[in-house]
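Asks: Structure for this input, please:
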Amino acid sequence: MAYTTVDKQTAHFNTKLYTGNASTNAITGVGHRPDFVWIKNRSTTGNQTWFNALSGVTKYISSNTNYAEASSAPTLTSFDSDGFTVGSSTDLNGSGNNICSWNWKAANSSGTANTDGSINSTVSANTAAGFSIVKHTGTGSTGTIGHGLGVAPKVIISKNLSDAASWGYYHFGMHPTDPADYYMSINSSGGRNDNANFYNDTEPTSSVFSVGSSNNVNDSSDDMIHFCFAEKPGFSKFGSYVGTGNSDLFIYTGFKPSWLMIKLEGTENWHIFDVKRNPTYPTSSSYDGMATRLMANLNNSTDLSQGGFRFLSNGLKMTTNWSGGNGSGSTFIYMCFGQTIVGSNNVPCTAR
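Replies: Model prediction:
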């Protein structure tokens, strides 16, 4: 197997925790200049706030709402060489609050023109890590859009920036025979929906992905944004699994995970786990594993009520029958990023 070779995992993705100060706050130690920063206040209710380099500083969308892109001066004010700077916004920097940020690197630029598809786009692509940000003006009709990754993305997260509209979420494993005909909305706990107007019932290729006429992903004359993820051995894995309802569930990733988001294909929240918020596994009579969840579609603070995932050297093990992650016979989709990238010697990291 050919692995992604990177000097350090933090060069492409990192979870960074920090404490708010209600003033200008320069967050360092991310390990790269991020182009996509997702921030959540863990101490209080507040929006799941997304910033990206193509939209620019102070402009944000929230995965727990369907709102259009907004702009606020005291939010994220700069993407820095080793992190980012935030202003006095309570959601991002409340005084004394515990804040979580998830950071991805694209191309560290405002993007380049891409004409691979029938719809022209601006793309900031990190081909080594399989991540790109794509922005375009909607046409209101079926078309294809270049993503810049050189391989087909397995996850696409889409948002209309101009209007209040639910998010689009494409996942290649969402349906065993026809995944491109289905979508979910990351701002909703709802299950998968059969609607070709989102991703045109067409699988992405190595150069383009398809969109239909839905105003959620391609509304005429509106600004649209898409976050595209391609799988990279040793670094990222996007798939599906069927719950067992007991502690024998194992999901192979080929690397030691550091960040995980799961979603039941039926009605359930989007659950996020990471090693920075759970550096050790608490144990109790009800579970043995990560319990500290944040939900991409909710504005609540950290939830400690359920859990059970253990991050192993080569995958994930569920240690409980929690219905939100291991309901017997239920199908779940997941996104997972590695804790330590396998190097050129192909030697994997060790288990916890």
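
Asks: quick one, helices of this protein?
Replies: Counting by DSSP state H, the segments of the chain that form helices are 90-93, 196-199, 215-218, 323-326.

Asks: Any chance of these in a markdown table with distance to Lys237, mean pLDDT and mean neighbour count as columns?
Replies: (C-beta placed from N, C-alpha, C; glycine too.) Formatted as a markdown table, these follow (distance: least, C-beta to C-beta, whole Å; pLDDT from 0 to 100; neighbours: other C-beta atoms under 10 Å):
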| stretch | distance to Lys237 | mean pLDDT | mean neighbour count |
| --- | --- | --- | --- |
| helix 90-93 | 29 | 97 | 24 |
| helix 196-199 | 21 | 94 | 22 |
| helix 215-218 | 24 | 97 | 25 |
| helix 323-326 | 16 | 92 | 22 |
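
Asks: Spell out the residue ranges of the strands in the stretch 201-350 of the chain.
Replies: Remark: strands assigned in the stretch 201-350 of the chain by DSSP state E, counting those that start in this stretch are 208-211, 223-229, 236-242, 249-252, 257-264, 271-274, 294-295, 309-312, 315-318, 331-338.

Asks: Nearest to Asn52, out of those?
Replies: strand 223-229 (6.8 Å; C-beta to C-beta).

Asks: so where's the chain uncertain?
Replies: 1-8, 179, 282-288, 304-307, 340-352 (pLDDT under 70).

Asks: Need the strands of the stretch 201-350 of the chain in CSV (columns: mean neighbour count and distance to Glu69).
Replies: Converted to CSV, the strands of the stretch 201-350 of the chain look like this (neighbours: other C-beta atoms under 10 Å; distance: least, C-beta to C-beta, whole Å):
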stretch, mean neighbour count, distance to Glu69
strand 208-211, 26, 18
strand 223-229, 23, 7
strand 236-242, 20, 25
strand 249-252, 17, 34
strand 257-264, 23, 22
strand 271-274, 24, 22
strand 294-295, 22, 22
strand 309-312, 23, 33
strand 315-318, 21, 34
strand 331-338, 24, 23
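
Asks: Reformat those strands as a markdown table; add distance to Ile61.
Replies: Conversion of those to a markdown table gives the following (distance: least, C-beta to C-beta, whole Å):
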| stretch | distance to Ile61 |
| --- | --- |
| strand 208-211 | 18 |
| strand 223-229 | 8 |
| strand 236-242 | 21 |
| strand 249-252 | 29 |
| strand 257-264 | 17 |
| strand 271-274 | 17 |
| strand 294-295 | 16 |
| strand 309-312 | 27 |
| strand 315-318 | 29 |
| strand 331-338 | 18 |
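
Asks: Neighbours of Ser63, how many?
Replies: 25 (other C-beta atoms under 10 Å).

Asks: what's near enough to touch it?
Replies: Taking C-beta atoms under 8 Å, 6 or more residues apart in numbering, we find Ser63 in contact with 38, 48, 50, 167, 186-187, 270, 296-297.

Asks: likewise Tyr169?
Replies: Contacts for Tyr169 (C-beta under 8 Å, 6+ apart) come out as 155-158, 183-186.

Asks: Apply 7 Å and report the result again.
Replies: Counting by C-beta atoms under 7 Å, 6 or more residues apart in numbering, Tyr169 touches 157, 183-186.

Asks: What of Gly190?
Replies: Thr267.

Asks: Let's test this: what are the backbone torsions at it?
Replies: In terms of degrees, to the nearest 10, the main-chain angles of Gly190 are phi -60, psi 160.

Asks: domains of the chain?
Replies: The chain breaks down by automatic domain parsing into domains covering 9-104, 112-229, 236-338.

Asks: Work out the gap between the second one and the centre of the chain.
Replies: This means domain 112-229. Distance, stretch centre to chain centre, for domain 112-229: 14 Å (C-alpha atoms, centre = their mean, to the nearest Å).

Asks: can you give me the strands in the stretch 1-150 of the chain?
Replies: Assignment of strands within the stretch 1-150 of the chain using DSSP E, counting those that start in this stretch yields the ranges 13-19, 25-28, 36-41, 49-52, 59-62, 70-71, 76-80, 83-86, 98-104, 112-114, 121-126, 131-137, 143-146.
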